[in-house]
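Engineer: Sequence unavailable; structure follows:
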């Protein structure tokens, strides 16, 4: 034991050689001995031992990175400030990119965007006198001018022109629209102009899209009116408050009713706009038939999610050509996948209750951590404790019996320490329980370490005569 | 000049580098200190994380050191760094939410080096040796043989395995357990 300790510098290279068995026995022994006394080294060897790969290139790279990190002009503070600036720049870029992508994506399906903010827009821009006008008015920036244009247009057709920088061309366009409105293809056309709208929407900064959206809103309201009898609750969105919705929808209906009179929509329960179709339906509890509010409906082809409203109703648009299915989920119910047939657009979806209830809580223990056990087994231990005689206590009014919680630590040599009764029902019971544990059967420790144990010891007390 | 600095840094012990960094806040001092243990830190990270995360973790731990070395009163940098590195990796695992993957936290793994038993310190060296021999006799046969070969005859695990015919992993645990038992026995005497 007295041999001087050779300390060797444990490098990644040395460890790899050791693991590969390339070292001579003396060095191996030295390293092993060092590892026994040095948990840091032991853990590192374990780490390198996970794969025989050469790690030196990685470490060279890390060293270079460390040097680079240190060499960065000035220290700590500046670097961090710089980081923050980069972060800000990056987040702004990201934000811009996301909004651009969203706008572009929403292009063909503007309808939904519109439905997310209909009430607010309607309330903002509509005046009681010219509600329909405002509805058609695309350019919110020039209310007066557009108002006029809108009025004219509104009298003639519900289809609004795309963009109206000035009233003149607007009227012209509105007239065009009127002509087409005579057509039975009215809604189709509306849809097509919708389809051509994305460019405008995408190119314009925030406020102008609102214009396009509003037109969409109107368009949407238009076919909603047609559907009113069947689907008076169609609603997609998150931001609209129920109150605003209530206010908005009848309003729209009234205003538009007259305008679309005489134009029959071919489409009763869905709206076809070239490449979109609307799917709506209700989600119900399979056992009670109750309408389920707040169920999540996920459409797979477009990856859209909507939530059912207070009447359990949902609606969303999907790519018309694609077969699709809906994933419907609700906490406490089984996730249900419903295929949507091409010819069906109104579905009732029944969710079965998940009989397993919420997923079970899984308790996991730390590997290798085992409780010490009584050497004679837990059952025998408890029997032993139960068999012990009652304890006489002076001045006790009546016999008392109960369990006393006792905690203690079992050391590696199976000695018991810190035996303590926790809130015993009587001080004498606490003392008795502690004594019983101390003098009772031996405990087997978890090898090599001390661990805390908690156990219940039964104690009976009787009055000392 | 930079060479000279580098040189002095390589010579200095951990404690003085820690002190110097605390006083000057110079990152290169901390880096020089960290570099000494980078191989070990990387090894520890490899134990808990996959290759890429382990590499990232090595740099993240350095970033963590920058403020922490200043804040903490560090007695033994080596042990302190080990605990910090391990905690960093465990935090990462926890954040990643790797379900079901459980890492044993050996609470007294670190203690072992602190309570390092030094039989040849103090006066009763002869007593200690005698006690040691007595304790050795009490060890189970496999542990006794392994400990004897490893500690007294300075054989490597591989050699011990060859001589005894035990499995390598068995040899390792015999030696570890034998050492622990010896320690317990010696403390009791």
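Structural biologist: Good, I have the coordinates. Remember, it's a predicted structure, so these values are computed and weren't measured experimentally. Residues are numbered from 1 along each chain as shown, chains lettered A, B, ... in the order given.

Engineer: give me the low-pLDDT residue ranges for chain A?
Structural biologist: Along chain A, the parts satisfying pLDDT under 70 run over A:1-7, A:72-83, A:107-275, A:322, A:355-370.

Engineer: again, only this time at 90
Structural biologist: For chain A, residues meeting the criterion pLDDT under 90 lie at A:1-91, A:100-282, A:284-312, A:314-407, A:409-418, A:420-429, A:435-465.

Engineer: What is the burial count for residue 45?
Structural biologist: All of this refers to chain A. For residue A:45, the count of nearby residues is 24 (other C-beta atoms under 10 Å in any protein chain shown). Any C-beta I mention is one placed from the backbone N, CA and C, and that applies to glycine too.

Engineer: The intended chain is chain B.
Structural biologist: Around residue B:45 there are 27 residues (other C-beta under 10 Å).

Engineer: OK, contacts around residue A:428?
Structural biologist: Contact analysis of residue A:428 by C-beta atoms under 8 Å, 6 or more residues apart in numbering or on different chains lists A:391, A:393, A:396, A:461.

Engineer: Repeat the analysis, applying 6 Å as the threshold.
Structural biologist: By C-beta atoms under 6 Å, 6 or more residues apart in numbering or on different chains, the residues touching residue A:428 are A:393, A:461.

Engineer: Please, which helix or strand holds it?
Structural biologist: Using DSSP states H and E, residue A:428 maps to helix A:427-439.

Engineer: Repeat that for residue A:463.
Structural biologist: If you go by DSSP H and E, residue A:463 is part of strand A:451-464.

Engineer: Quick one: residues in contact with that strand.
Structural biologist: Applying C-beta under 6 Å, 6+ apart, the external contacts of strand A:451-464 come out as A:372, A:385-386, A:390-394, A:396, A:399-401, A:403-410, A:426, A:428-429, A:432-433, A:436.

Engineer: Quick one: buried ones out of those residues?
Structural biologist: Listed as buried from the contacts of strand A:451-464 are A:372, A:385, A:391, A:393, A:400, A:404, A:406, A:408-410, A:426, A:428-429, A:432-433, A:436; burial here means 16 or more other C-beta atoms under 10 Å in any protein chain shown.

Engineer: just to revisit the earlier point, and the next helix or strand past the helix holding residue A:428?
Structural biologist: For helix A:427-439, the following helix or strand on the C-terminal side (DSSP H and E) is strand A:443-444.

Engineer: Kindly state the domain boundaries assigned to chain A.
Structural biologist: With domains defined by automatic domain parsing, chain A comprises A:12-67, A:109-260, A:276-351, A:373-464.

Engineer: typo on my end, it should be chain B
Structural biologist: Taking automatic domain parsing as the domain assignment, the ranges for chain B are B:2-113, B:121-188.

Engineer: The ones you listed: which one's closest to chain A?
Structural biologist: The closest of the domains of chain B to chain A is domain B:2-113. By C-beta to the nearest C-beta, the value is 2.8 Å.

Engineer: What average pLDDT does the closest one get?
Structural biologist: With pLDDT averaged residue by residue, domain B:2-113 scores 77.

Engineer: Looking at the buried ones among the contacts of strand A:451-464, which is nearest chain B?
Structural biologist: Ranked by distance to chain B (C-beta to the nearest C-beta), the buried ones among the contacts of strand A:451-464 are led by residue A:409 at 12.7 Å.

Engineer: Note down every partner strand of the host helix or strand of the closest one and its orientation.
Structural biologist: Using DSSP H and E, residue A:409 sits in strand A:400-410. If you go by DSSP bridges, strand A:400-410 pairs up with strand A:416-422 (antiparallel), strand A:451-464 (antiparallel).

Engineer: now those as a markdown table including mean neighbour count?
Structural biologist: Listed next are these as a markdown table, based on neighbours: other C-beta atoms under 10 Å in any protein chain shown:
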| stretch | mean neighbour count |
| --- | --- |
| strand A:416-422 | 15 |
| strand A:451-464 | 16 |
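
Engineer: burial count for residue A:46?
Structural biologist: Counted with other C-beta under 10 Å, the neighbours of residue A:46 add up to 16.

Engineer: now it, nearest residue through space, not along the chain?
Structural biologist: What sits nearest to residue A:46 in space, not counting adjacent residues and going by C-beta to C-beta, 6 or more residues apart in numbering or on different chains, is residue B:47, at 4.9 Å.

Engineer: what's the following helix or strand after the helix or strand hosting that neighbour?
Structural biologist: According to DSSP H and E, residue B:47 maps onto helix B:27-48. Sequence-wise, the next helix or strand downstream of helix B:27-48 (DSSP H and E) is helix B:51-71.

Engineer: Does anything pack onto that following helix? Which helices or strands?
Structural biologist: The contact analysis (3 or more C-beta pairs under 6 Å, 6 or more residues apart in numbering or on different chains; DSSP states H and E) places helix B:51-71 against helix A:56-71, helix B:27-48.

Engineer: Dump the ones you listed to JSON lines, plus distance to residue A:317.
Structural biologist: Formatted as JSON lines, those follow (distance: least, C-beta to C-beta, whole Å):
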{"stretch": "helix A:56-71", "distance to residue A:317": "50"}
{"stretch": "helix B:27-48", "distance to residue A:317": "48"}
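
Engineer: State the distance from the residue nearest to residue A:46 to residue B:29.
Structural biologist: The gap separating residue B:47 from residue B:29 is 28 Å, by C-beta to C-beta, to the nearest Å.

Engineer: do residue A:99 as well
Structural biologist: Distance from residue A:99 to residue B:29, by C-beta to C-beta: 46 Å.

Engineer: The two: which is more packed in?
Structural biologist: Neighbour count, other C-beta under 10 Å: between residue A:99 and residue B:29, residue B:29 has more, with 23 against 12.

Engineer: count of residues packed around residue B:18?
Structural biologist: Neighbours of residue B:18 under the rule other C-beta under 10 Å: 23.

Engineer: correction: residue A:339
Structural biologist: When neighbours are defined as other C-beta under 10 Å, residue A:339 has 11 of them.

Engineer: what's the residue of the stretch 151-300 of chain A found nearest chain B sitting at in phi/psi?
Structural biologist: Here the residue of the stretch 151-300 of chain A nearest chain B is residue A:296; by C-beta to the nearest C-beta that distance is 22.2 Å. Torsion angles at residue A:296 (phi, psi; degrees, to the nearest 10) stand at phi -100, psi 120.

Engineer: Could you give the bridge partners of it?
Structural biologist: residue A:307, residue A:329.

Engineer: what's in contact with stretch B:158-169?
Structural biologist: Under the contact criterion C-beta under 6 Å, 6+ apart, stretch B:158-169 has outside partners A:25, B:145, B:146, B:149, B:150, B:171.

Engineer: on that earlier part again, distance to residue B:180 added to the strands paired with strand A:400-410, as CSV?
Structural biologist: Output for the strands paired with strand A:400-410, formatted as CSV (distance: least, C-beta to C-beta, whole Å):
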stretch, distance to residue B:180
strand A:416-422, 18
strand A:451-464, 15
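
Engineer: Tell me which of those strands lies nearest to residue B:41.
Structural biologist: Each of these has some distance to residue B:41 by C-beta to C-beta; the shortest is strand A:451-464, at 30.0 Å.

Engineer: That closest one relative to helix A:427-439, how many degrees between them?
Structural biologist: For strand A:451-464 against helix A:427-439, the angle by axes from the mean of the first three to the mean of the last three C-alpha atoms, to 10 degrees is 130 degrees.

Engineer: Show me which residues of stretch B:130-144 are buried.
Structural biologist: Across stretch B:130-144, burial judged by 16+ other C-beta under 10 Å covers B:131, B:132, B:135, B:136, B:139, B:142, B:143, B:144.
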